Structures are given as structure tokens and as C-alpha cells.
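Undergrad: Here's a sequence, model it:
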Amino acid sequence: MRGGIVLILALAMSLAHALPKADHVLVSKTRKTLSLLHGETVLATFPVAFGANPQGHKQQEGDERTPEGSYRLDFKKADSGYYRAIHISYPNAADLAQARARGVSPGGFVMIHGQRNGFGWASFITQRLNWTNGCIALRNEDMAVVWEAVEPGTPIEIRP
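TA: Residues are numbered from 1 along each chain as shown. Below you'll find the predicted structure:
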């Protein structure tokens, strides 16, 4: 049994290196999925969890919503409190202007990430819930694939 688990993990890691680089990431909040695309070809699709208040576009810091719209994956953070993290360029200029007009902070530091460090084993539970503060969470093994498939600068579209 243990050898089978090691084989599955090795296969998952080799698949992460086998994918071509994604040139676009598409997230559907309705479907609770993140898809890696190269042109019109879907390279892989993964189930995700969102902020604890997933309906609607992020309006301000602390609202536990995941933003909606077009952004960029602008940097990778290997030393995150979660299994790897890729920063989403929220807030953009429109988000900043809307927050200023309401007199609130738009928030920030929205990421795609895996499970909280040390809790990857619990993803079979956590991924059934919307548990983040507005980030997009994946199982660690799925995050490993995303990490390898995207480079800083990759566009991401987050749809309702």
C-alpha cells in the first residue's frame, strides 16, 4: 500500500513537469474550478475553495470575498504560510477607485495557494468548504501542478 502511495505521488509530480506552460488561468466561482489553458486548450482543471463569503466581487478588506475580473499572477511566494502561493494582482485601478469612493480599503494579498502548512492531509475536508479570507485554495498536489505550469505575468480571469 505504501509503495502505491509513493508511486501515485511520483506520477503526480512527473505530470506537473509534463504540462506545457499555461498562458491563461480561468477560475469559475460557480463551478468552483481553476483551469490552466494554453491557447484554447484546457491543460488541466482543479476543484478549488474560495473566501468564506464567495458571492460577488471583493469590495473591501475583510469581506472574505474572492475578487472577480481580469488580473495577473504577478509573483510566486514559496515561503508562504500555505503550501506555495501565487499572488493575484488585486486590487487593480478600478478596484482601488471603487474602494476610495466608498472610503474603505480594498484589501489585497489575494493568492492562489495550497493548504495551510502542516494541514495538507485535511484537504479532503477543507476543500468542501469556502474557508479562505478571499484567496483561491487548492489541494497541495494540485497546487504543485499550478506552480509549475504558470509564470509570473500570466493572466488570470476570475468569473462569477
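Undergrad: can you pull out the strands in this structure?
TA: 24-28, 33-38, 41-47, 69-77, 85-88, 111-113, 136-137, 154-159 (DSSP state E).
Undergrad: which one of these is the most hemmed in?
TA: strand 136-137 (a mean of 28; mean count of other CB atoms under 10 Å). Where C-beta positions appear, they are placed from N, C-alpha and C, glycine not excepted.
Undergrad: just how off-centre is it within its chain?
TA: Relative to its chain's centre, strand 136-137 lies at 4 Å (CA atoms, centre = their mean, to the nearest Å).
Undergrad: now stretch 120-130
TA: From the chain centre to the centre of stretch 120-130 is a distance of 14 Å (CA atoms, centre = their mean).
Undergrad: Buried residues, that stretch. List them.
TA: Using 16 or more other CB atoms under 10 Å as the test for burial, stretch 120-130 gives 120, 123, 126-127, 130.
Undergrad: Repeat that for stretch 95-106.
TA: 95, 99, 106.
Undergrad: hang on, the last one packs against Ala97?
TA: No: checked against CB atoms under 8 Å, the pair Pro106 and Ala97 is beyond contact range at 9.3 Å.
Undergrad: contacting residues for Asn92?
TA: 69-71 (CB atoms under 8 Å, 6 or more residues apart in numbering).
Undergrad: Distance-wise, check Trp131 relative to Gly69.
TA: Using CB to CB, to the nearest Å, Trp131 is found at 22 Å from Gly69.
Undergrad: For Phe124, see how far away the residue nearest to Phe109 when sequence neighbours are not counted is.
TA: In space, and not counting its chain neighbours, Phe109 is closest to His87: 7.1 Å by CB to CB, 6 or more residues apart in numbering. In this view, His87 and Phe124 are 27 Å apart by CB to CB.
Undergrad: Wait, Arg102 touches Glu61, no?
TA: No: in this structure Arg102 lies outside contact range of Glu61 using CB under 8 Å: 11.5 Å.
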